[in-house]
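> Please find the sequence and the predicted model below.
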Amino acid sequence: MKQKEQKNSDLTIWNAFYFYPTAMRETDQFKREVIRYLKKLKPINCEFEELTAFLILRSSYNTEDSLEKIDIEKPETKEELASNFLSIVHEGLEKAYKKYLEVLTNRFLKEMKKNRELKEATNILTRKLALTREQKEEFTKDIYQLIETKAQYYYEVILNSKICISTIPEVKHSLIEIGEKKIGVYTEEPIINLLDEMILYNFAIKYTEKTNLILDQFVKFIKKVNTHLKKQKKKSSDIEELLDLLKGKSFEVMDNIFDIRRQIARQNRADSEIVSEVEGMESKELNDLITKISPKKSISKIVKLTDNATASLEEWFENIRKIELIEQVESEVAISEAFNVDIRNLFIQMELLRIWSDFFYDISYYTVKKGRVFDVEKIIYHDSIETDAILLVNEVFKTYKLPKSRVYALRGVSFEIRKGEFIAIMGPSGAGKTTMVNILTGLDTPDKGAVYLNGQNMALMDDTELTEFRRDQIGLIFQFYQLFAELTAIENVSMPAEMAGVAVKEAREKAQQILEIVDLGNFANQYPDKLSGGQQQRVAIARALVNDPSIVVADQLTGDLDSVTGMQIIGYLRKINSERGTTVLLVTHNKTVATQADRILTIEDGELIEEIDMKALRSAD
């Protein structure tokens, strides 16, 4: 039987939807409903992938085939066809997505009504404020009504955060739906390059609008309560316990404000990125759209409000401290009705801020280079390749799925290190440095991409092959030395060589030679507890060199040392690099340490954002 020929795609549609990482059953149901609906349109392919807290759906069609299945007339132009086709696709997707969001919202409200921590805090507050039964019922009712309001905010933000881009490669035309705006553009550069920025950009528009409302209310009531606290000259045990409860809540609020600032910092960066990329596309329509819907003003307002909130919290802590210093504790101290009401409102606003922050905690600030989520072409990973590089890192991705969140540790990192180079990887905590080290050394495997050391793909080795390869090819130096306390310095250094099958006498002779290089020849028979921190780190360096590895990887090796000793240790690495030609990869968050390298690779938010040629800079100086 002759197989029907597969036709080429002439229309690709990208849809981005927010999803809730812990609601996997509901998310899977949503995916199934979408796929079931799209199958009626005969897509050539249809697949989902995650980007931060968004599901990216890509579906490709041969419109001639698809038109046989749907009841619309064939338009005169490809552009009109795309617009009409898109309306049909959206009809089913919109229905499935609204259903999904309603399920998520209802699930959240049920969880909040059962939330034991919220109930206990509410009970303590009502007791200490001596509320009547009617006041307590009203207070509890207000809390849950406002929670329902914020759940509706959440629904609106997410529903309006979806975006769609359809592309017709033949005529270089794209139709963009972002928020309530829809425009058609012609560009030489693929519009999909903007996908990741557009997702966060569009999300920021609604998120910042609602976040401003929530922050504004919090600032309003904490200022009111601060006014009352300044006048408070007496205290009782009830007031002490009340303030202790709210003080604990305040520390949570500080974390929530930090999370919000983190969100908007990423959104602000997305704003800058998208403006820059749109300028390069030379599309007036797209440029006008981005300018018109920019969330920059709302972001600036959030910055101002979070600054005000932080300042008010500092004043709040100072006022509480003054009350704590009042020595005499009265049996009973009356507080005004206005103070009572404002305390209740502040408690509610603290809870709402916490809930709002938790809603969007997992919408992180990571991007994919050039907006790519799906590979345009499937990359084939080989057991080995021919390369001049000692280490070749090719588009490495790594995501850790936790029970209630996702950690997008690496998002498309690529670089190479050549023989004899001294490279530093730098970045703040949480940037992805440790994940990068684990993958480079074969302690972990990438979700996508490949790492080739001396042309060998470590991810495709079995456990035995990998252990032997790592032992022979990689010298690891750790922050906390990892020396065996019961072995002398020379025994610690020679152990990897002995494990590789080198005779003990030969291994010890080699270990002694390397200890001489790091100026520890006279300490060969000392045990680690008799050595200083700097000396122990030098033993660790010697151990990393004993098998003549292709590369030495030093992970935060100066983190446990004082600055002077730390720089001395870096000096030994430079000496080994220059005299022995050993390739060194240094991982650090210390800029002073990093500048000693030949090149600095800066990782932030899971991607490589900058490369500095320090060797060239030193030569210029």
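Right, received. Where do you want to start?
> Quick check: phi and psi at residue 553.
With angles defined as degrees, to the nearest 10, residue 553 sits at phi -110, psi 120.
> Who does it form a beta bridge with?
In this entry, residue 553 is beta-bridged to residue 476, residue 585, by DSSP bridges.
> do residue 407 as well
With DSSP bridges as the rule, residue 407 is bridged to residue 400.
> what's around it, how many residues?
17 (other C-beta atoms under 10 Å). From N, CA and C alone the C-beta is placed, and that goes for glycine too.
> Isn't it up against residue 434?
No - counting by C-beta atoms under 8 Å, residue 407 does not reach residue 434; the two are 11.2 Å apart.
> in this protein, which segments are predicted with low confidence?
For the chain, applying pLDDT under 70 flags the ranges 1-7, 52, 69-75, 179, 188, 361-381, 402-406, 558-561, 621.
> longest single helix anywhere in it?
If you go by DSSP state H, the chain has its longest helix at helix 237-281.
> Just name whatever secondary elements that one is in contact with.
Contacts defined by 3 or more C-beta pairs under 8 Å, 6 or more residues apart in numbering; DSSP states H and E place helix 237-281 against helix 116-128, helix 195-231, helix 284-293, helix 296-324, helix 337-359.
> again, 10 Å this time
helix 116-128, strand 181-186, helix 195-231, strand 235-236, helix 284-293, helix 296-324, strand 329-330, helix 337-359 (3 or more C-beta pairs under 10 Å, 6 or more residues apart in numbering; DSSP states H and E).
> can you give me the angle it makes with strand 181-186?
30 degrees (axes from the mean of the first three to the mean of the last three C-alpha atoms, to 10 degrees).
> can you count the residues close to residue 186?
What residue 186 shows, counting by other C-beta under 10 Å, is a neighbour count of 15.
> these two touch, right, it and residue 171?
Yes - the pair residue 186 / residue 171 is scored as a contact, 7.4 Å apart, by C-beta atoms under 10 Å.
> who touches both of the two?
By C-beta atoms under 10 Å, 6 or more residues apart in numbering, residue 186 and residue 171 have these common neighbours: residue 79.
> Share the number of residues neighbouring the residue nearest to residue 18 when sequence neighbours are not counted, please.
Using C-beta to C-beta, 6 or more residues apart in numbering and skipping residues adjacent in sequence, the residue nearest residue 18 is residue 158, 4.5 Å away. Counted with other C-beta under 10 Å, residues neighbouring residue 158 total 26.
> if I look at residue 158, how far off is residue 105?
Residue 158 sits at a distance of 9 Å from residue 105 (criterion: C-beta to C-beta, to the nearest Å).
> can you check residue 310 too?
With distances taken as C-beta to C-beta, residue 310 is found 30 Å from residue 105.
> Kindly report the same for residue 451.
Applying C-beta to C-beta to residue 451 and residue 105 gives a distance of 42 Å.
> can you check residue 564 too?
57 Å.
> neighbour count winner among the two?
Of the pair residue 564 and residue 105, residue 105 is the one with more neighbours under other C-beta under 10 Å, namely 16 against 9.
> my guess is the more buried one contacts residue 157, does it?
No - in this structure, residue 105 is not within contact of residue 157 by C-beta under 10 Å, at 11.4 Å.
> OK, contacts around residue 466?
By C-beta under 10 Å, 6+ apart, the neighbours of residue 466 are 441, 442, 443, 445, 456, 458, 459, 460.
> That one looks like it's in a helix, true?
Yes - assessed with DSSP: H, G, I helix; E, B strand; the rest coil, residue 466 lies in a helix.
> roughly how far out does stretch 346-365 sit from the chain middle?
Counting by C-alpha atoms, centre = their mean, to the nearest Å, stretch 346-365 is centred 18 Å from the centre of its parent chain.
> To clarify, my last question referred to stretch 158-171.
Distance of stretch 158-171 from the chain centroid (C-alpha atoms, centre = their mean) equals 24 Å.
> now stretch 135-152
Mean C-alpha position of stretch 135-152 versus that of the full chain (C-alpha atoms, centre = their mean) differs by 33 Å.
> Quick one: end-to-end distance for stretch 13-23.
25 Å (C-alpha to C-alpha, to the nearest Å).
> Going by neighbour count, list what's buried in it.
Residues of stretch 13-23 classed as buried under the neighbour-count rule (16 or more other C-beta atoms under 10 Å) are 13, 14, 15, 16, 17, 18, 19, 20, 21, 23.
> helix or strand for the second one, which one?
With elements delineated by DSSP states H and E, residue 14 resides in strand 11-18, which encompasses its position.
> which helices and strands does that strand pack with?
Packed next to strand 11-18, using 3+ C-beta pairs under 10 Å, 6+ apart, are helix 24-39, strand 45-51, strand 54-61, helix 78-113, helix 133-159, strand 163-168, strand 173-178, helix 195-231.
> Check which residues of the second one are buried.
It refers to strand 45-51. Buried residues in strand 45-51, counting neighbours by 16+ other C-beta under 10 Å, are found at 46, 48, 50, 51.
> Just name the closest of the residues you listed to residue 482, please.
Ranked by distance to residue 482 (C-beta to C-beta), the buried residues of strand 45-51 are led by residue 50 at 35.2 Å.
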